[in-house]
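Peer 1: Structure for this input, please:
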Amino acid sequence: MKAYVFPGQGAQFVGMGKDLYENSTLAKELFEKANDILQFRITDIMFGGTDEQLKQTKVTQPAIFLHSVILAATMGESFKPDMVAGHSLGEFSALVANKTLSYEDGLRLVSKRAMAMQKACDKEPSTMAAVLGLDDAKIEEVCASINEVVVPANYNCPGQIVISGSVAGINLACEKLKAAGAKRALPLNVGGAFHSPLMEPAKVELEEAIRSTNFNNAICPVYQNVNAKPCSNPEEIKKNLISQLTSPVKWTQSIENMIKDGANIFVEVGPGSVLQGLIKKVNKEVETQSA
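Peer 2: Numbers count the residues shown, from 1 in each chain. As a prediction, the model looks like this:
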């Protein structure tokens, strides 16, 4: 069975999508439609902007979404997913790919999400850190022992978790985690504490937009970040998507469940190949490829 997976923030690079735009009429139409919806020429930044321009939250999230979704669209009849999943932002790409969301609605929600997250980041200084070489339970225990907001945010693969919280909390957690035997506990260069309670203001803002958006019956199940379980029911998908911003991304668990349910080929759709590396660390037997 074939599973298609979609990357999240951090996978972007200048030049992404340019080949699609130049070689496919459909891709060109979809990119131009995105410029109209967003009311700025995101294609100019994606294809020939600077790293700094591409790093702006209002650009990064829609850019990765567009690359993934348009790449999937250009695959035509050969795109036949048995199941899909996306890492954080990538879940929105997955929901367009399995027809739960229309292209236009998906883009509007991603743009809204980016702006809401930026506002939440500006409200309170917060950050994230990557923790390597320590088991999940120990990391959870250390996070819970700190008198600040610090939580596991991304269960990326065995031995790699990203934690999220206040700047003071993350700094203290990194010290404690190294003392507990972590190979590395490294603060990341990110704008805020994604997938933590500090994203509550963004969640409230995004919830309204998600509730008023039409979600269709999916053509195949999506394994959602919040519970790592397959879902095809539009209302259930909506509920899980609303919880996503303040809940951890259970990526390891999602991949394990997809494999258990029959996935033996994982195709990464979008910029980069980060997810293929993580999937191989979950199970080195499965086949991974780029779209």
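
Peer 1: what residues are up against Glu268?
Peer 2: 4-7, 275-276, 288-291 (CB atoms under 8 Å, 6 or more residues apart in numbering). Any C-beta I mention is one placed from the backbone N, CA and C, and that applies to glycine too.

Peer 1: Could you do Cys220 as well?
Peer 2: 81-84, 98, 232 are the contacts of Cys220 under CB under 8 Å, 6+ apart.

Peer 1: and the contacts of Glu268 as CSV, adding secondary structure?
Peer 2: Converted to CSV, the contacts of Glu268 look like this (DSSP: H, G, I helix; E, B strand; the rest coil):
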residue, secondary structure
Tyr4, strand
Val5, strand
Phe6, strand
Pro7, coil
Leu275, helix
Gln276, helix
Thr288, strand
Gln289, strand
Ser290, strand
Ala291, coil
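
Peer 1: wait, which of those residues is closest to Phe65?
Peer 2: Nearest to Phe65 among the contacts of Glu268: Phe6, at 8.5 Å, using CB to CB.

Peer 1: Beta-bridge partners for that closest one, please?
Peer 2: According to DSSP bridges, the residues that bridge with Phe6 are Gly86.

Peer 1: which residues does it contact?
Peer 2: 68, 84-87, 90-91, 93-94, 97, 268-270, 275.

Peer 1: Looking at the residues you listed, which are in helices?
Peer 2: Among the contacts of Phe6, the members found in helices (DSSP state H) are 68, 90-91, 93-94, 97, 275.

Peer 1: Just the buried positions in the helix or strand Gly277 falls within, please.
Peer 2: Assigned by DSSP states H and E, Gly277 belongs to helix 274-282. Across helix 274-282, burial judged by 16 or more other CB atoms under 10 Å covers 274-276, 278-280, 282.

Peer 1: Remind me what it packs against, helices and strands.
Peer 2: In terms of contacts (3 or more CB pairs under 8 Å, 6 or more residues apart in numbering; DSSP states H and E), helix 274-282 is packed against strand 2-6, strand 150-157, helix 251-260, strand 265-268, strand 287-290.

Peer 1: Ramachandran angles for Val131?
Peer 2: Dihedral pair for Val131: phi -120, psi 120, per degrees, to the nearest 10.

Peer 1: can you tell me how far it sits from Ala120?
Peer 2: Per CB to CB, to the nearest Å, Val131 is found 23 Å from Ala120.

Peer 1: Show me where this protein has its helices.
Peer 2: For the chain, helices defined by DSSP H occupy the ranges 18-23, 25-38, 42-48, 51-55, 57-74, 90-97, 103-123, 136-144, 167-179, 200-211, 234-243, 251-260, 274-282.

Peer 1: and those helices, which one is worst for confidence?
Peer 2: Of all the helices of the chain, mean pLDDT reaches its minimum on helix 51-55 (a mean of 90).

Peer 1: what's the spacing between that one and its chain's center?
Peer 2: Put simply, helix 51-55 sits 18 Å off its chain's centre (CA atoms, centre = their mean, to the nearest Å).

Peer 1: now do stretch 208-221
Peer 2: Centre-to-centre, stretch 208-221 and its host chain are 17 Å apart (CA atoms, centre = their mean).

Peer 1: Check which residues of it are buried.
Peer 2: So stretch 208-221, judged by 16+ other CB under 10 Å, has buried residues 209-210, 213, 215, 218, 220-221.

Peer 1: Then stretch 220-235?
Peer 2: In stretch 220-235, counting by 16+ other CB under 10 Å, buried: 220-231, 234.

Peer 1: Among those, which are located in strands?
Peer 2: Using DSSP state E, the subset of the buried residues of stretch 220-235 located in strands is 222-223, 230-231.

Peer 1: Which one of those is nearest to Gly15?
Peer 2: Of these, the one sitting nearest to Gly15 (CB to CB) turns out to be Val222, at 29.0 Å.

Peer 1: ok, that closest one touching Lys229?
Peer 2: No. Look at Val222 against Lys229 with CB atoms under 8 Å: they stay out of range, at 9.7 Å.

Peer 1: Okay, domains of the protein per the record?
Peer 2: 2-122+197-290, 124-187 (automatic domain parsing).

Peer 1: Just checking the distance from the first one to the centre of its chain.
Peer 2: Which is domain 2-122+197-290. On CA atoms, centre = their mean, the centre of domain 2-122+197-290 falls 6 Å from the chain's centre.

Peer 1: What is the end-to-end distance of that domain?
Peer 2: Start-to-end span of domain 2-122+197-290 (CA to CA, to the nearest Å) is 12 Å.

Peer 1: ok, now stretch 282-291?
Peer 2: End-to-end distance (CA to CA), stretch 282-291: 20 Å.
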